[in-house]
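Chemist: Provide a 3D model corresponding to the input given below.
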Amino acid sequence: MGGRRSGRLAVRQNRRVPVHQITDPDDDRIADYRALTDVELRTRWEPPHGLFIAEGELVLRRALRAGYPARSYLVDAKRIDQLADLDTGEAPVYAATPDVLQQATGFHVHRGVLASFHRRSLPTAAEVLAAARRIVILEDVNNHTNLGAIFRGAAALGIDAVLLSPTCADPLYRRSVRVSMGEVFAVPYAKLDRWPAGLDQVRDAGFTVLAMTPAPDAVPMQRLTPAQRERAALLLGAEGPGLTAAAQSASDVRVVLPMRRGVDSLNVAAAAAVAFWELGRDDPPSDSE
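Modeler: Residues are numbered from 1 along each chain as shown. Predicted coordinates for the structure are as follows:
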């Protein structure tokens with residue numbers, strides 16, 4: 001992820017912070033942003049270095065509000081004023097042309113704003129469970145788009161936290177963060193290191209584990225009892241294969257969204273949103289409504 005260092009001239013000021021022009025896509029100072037479309041490379045680079053990338057002004061502002069410390073900013077030189085009101089602290093601000101941005105990142109940065117952030121230590125599953133009333137548990141969800149959409153739905157529809165099996169994708173991968181519109185920063189999440197044995201910990205915390213499946217003998221979501229809804233832990237599997245037999249066996253109730261017109265199932269993120277709404281349909285309006 002190394003490279004040359006060039007383009008050292010500070011070309012503008014942003015709240016007394018110099019904005020440095022980057023002219024070489026291999027400049028070492030923007031190594032955090034190298035080859036952003038290479039999932040395997042980014043997976044090897046980001047978590048070990050304790051960083052993640054936020055794309056777009058809205059997302060990076062949400063990361064800042066959530067308390068994630070910025071490492072640096074990389075911006076289309078024509079859009080530098082979008083950050084003019086930010087207190088960038090010690091994080092350097094770099095500007096480059098769209099061509100240099102594309103060469104460095106591997107894609108056209110049409111939102112024009114990127115930022116690298118420090119990760120924070122994850123809470124334990126026990127800490128997440130203690131503070132939640134209703135949660136979602138994900139098994140083997142490795143599609144970053146689906147993962148981001150599930151987090152966005154969870155934030156919008158009354159899910160308090162997310163638990164991940166050991167083989168789930170990284171919620172802070174750039175695409176997940178972008179698709180979630182930064183809601184990955186708003187919903188606490190943790191990993192269940194033992195799988196599926198970790199579901200016992202969820203049950204011991206007072207939750208009813210609801211395994212979502214298209215099986216015809218599963219209980220329709222709308223027929224769940226008030227007690228089953230009260231502290232629900234909705235268990236969802238990956239797109240296509242769904243939940244493993246072991247995960248279903250470790251659950252309390254197998255549930256289904258009734259389908260029509262011969263459709264057997266929905267995309268996992270769409271199914272999650274419908275199920276989230278159904279579980280919370282009798283909740284009182286939130287303070288924001």
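
Chemist: what mean pLDDT does stretch 84-103 get?
Modeler: In this model, stretch 84-103 has a mean pLDDT of 93.

Chemist: in three-state terms, label the closest residue in space to residue 56 that isn't next to it in sequence for me.
Modeler: Residue nearest to residue 56 in three dimensions, not counting chain neighbours: residue 111, with 4.1 Å by CB to CB, 6 or more residues apart in numbering. (Glycine included, C-beta is placed from N, CA and C.) Put simply, residue 111 is coil when judged by DSSP: H, G, I helix; E, B strand; the rest coil.

Chemist: next: residue 126.
Modeler: Residue 126 - assigned by three-state DSSP - is helix.

Chemist: got a list of what it touches?
Modeler: 201, 205 (CB atoms under 8 Å, 6 or more residues apart in numbering).

Chemist: which stretches of the stretch 101-250 of the chain form helices?
Modeler: 125-130, 144-156, 174-179, 199-204, 226-230, 245-249 (DSSP state H, counting those that start in this stretch).

Chemist: ok, which of those comes nearest residue 285?
Modeler: helix 144-156 (13.6 Å; CB to CB).

Chemist: would you mind listing the outside residues contacting the closest one?
Modeler: Residues contacting helix 144-156 (CB under 8 Å, 6+ apart): 39, 136, 138, 141, 159, 162, 168-171, 173, 175-181, 183-184, 186-187, 189, 236, 239, 267-269, 272-273, 276.

Chemist: tell me where this structure has strands.
Modeler: 10-14, 17-21, 51-55, 70-76, 93-96, 113-118, 135-138, 161-164, 189-191, 208-212, 219-220, 232-236, 253-256 (DSSP state E).

Chemist: give me the number of residues near residue 27?
Modeler: Other residues lying near residue 27 total 22 when counted by other CB atoms under 10 Å.

Chemist: on that earlier part again, residue 127 is nearest to which of the strands of the chain?
Modeler: Closest among these, using CB to CB: strand 189-191, at 7.1 Å.

Chemist: got a list of contacts for that closest one?
Modeler: 122-125, 127-128, 151, 161-166, 168, 171.

Chemist: same thing but 7 Å
Modeler: 122-125, 128, 161-164, 166, 171 (CB atoms under 7 Å, 6 or more residues apart in numbering).

Chemist: so what strands line up beside it?
Modeler: Applying DSSP bridges, strand 189-191 is found paired with strand 161-164 (parallel).

Chemist: quick one: mean pLDDT for the partner strand?
Modeler: Mean predicted lDDT for strand 161-164 stands at 98.

Chemist: how about the CA coordinates for that strand, as CSV?
Modeler: The C-alpha trace of strand 161-164 is given here as CSV (Å, rounded to 0.1, in the frame of the first residue of the first chain):
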residue,chain,number,x,y,z
ALA,A,161,-28.7,-3.7,17.9
VAL,A,162,-27.1,-6.2,15.5
LEU,A,163,-25.2,-9.4,16.3
LEU,A,164,-23.0,-11.0,13.7
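
Chemist: what does it contact?
Modeler: Contacts of strand 161-164 from elsewhere in the structure, counted by CB under 7 Å, 6+ apart, are 125, 128, 132, 135-138, 151, 154, 187-192.

Chemist: again with stretch 210-217
Modeler: 232-236, 242-243, 247-248, 251-256, 264-265, 271, 275.

Chemist: which of those residues are buried?
Modeler: Among the contacts of stretch 210-217, the ones that count as buried by 16 or more other CB atoms under 10 Å are 232-236, 242-243, 247-248, 251-252, 254-256, 265, 271, 275.

Chemist: can you tell me which of the contacts of strand 161-164 is closest to residue 23?
Modeler: residue 151 (36.6 Å).

Chemist: can you get me a residue count around that closest one?
Modeler: So residue 151, with other CB under 10 Å, has 29 neighbours.

Chemist: can you tell me the closest non-neighbouring residue to it?
Modeler: Closest to residue 151 by CB to CB, 6+ apart is residue 180, at 4.2 Å.

Chemist: and the pLDDT at that neighbour?
Modeler: 97.

Chemist: please tell me how far it sits from residue 53.
Modeler: As judged by CB to CB, to the nearest Å, residue 180 and residue 53 stand 13 Å apart.

Chemist: over to residue 285?
Modeler: Taking CB to CB as the measure, residue 285 falls 36 Å from residue 53.
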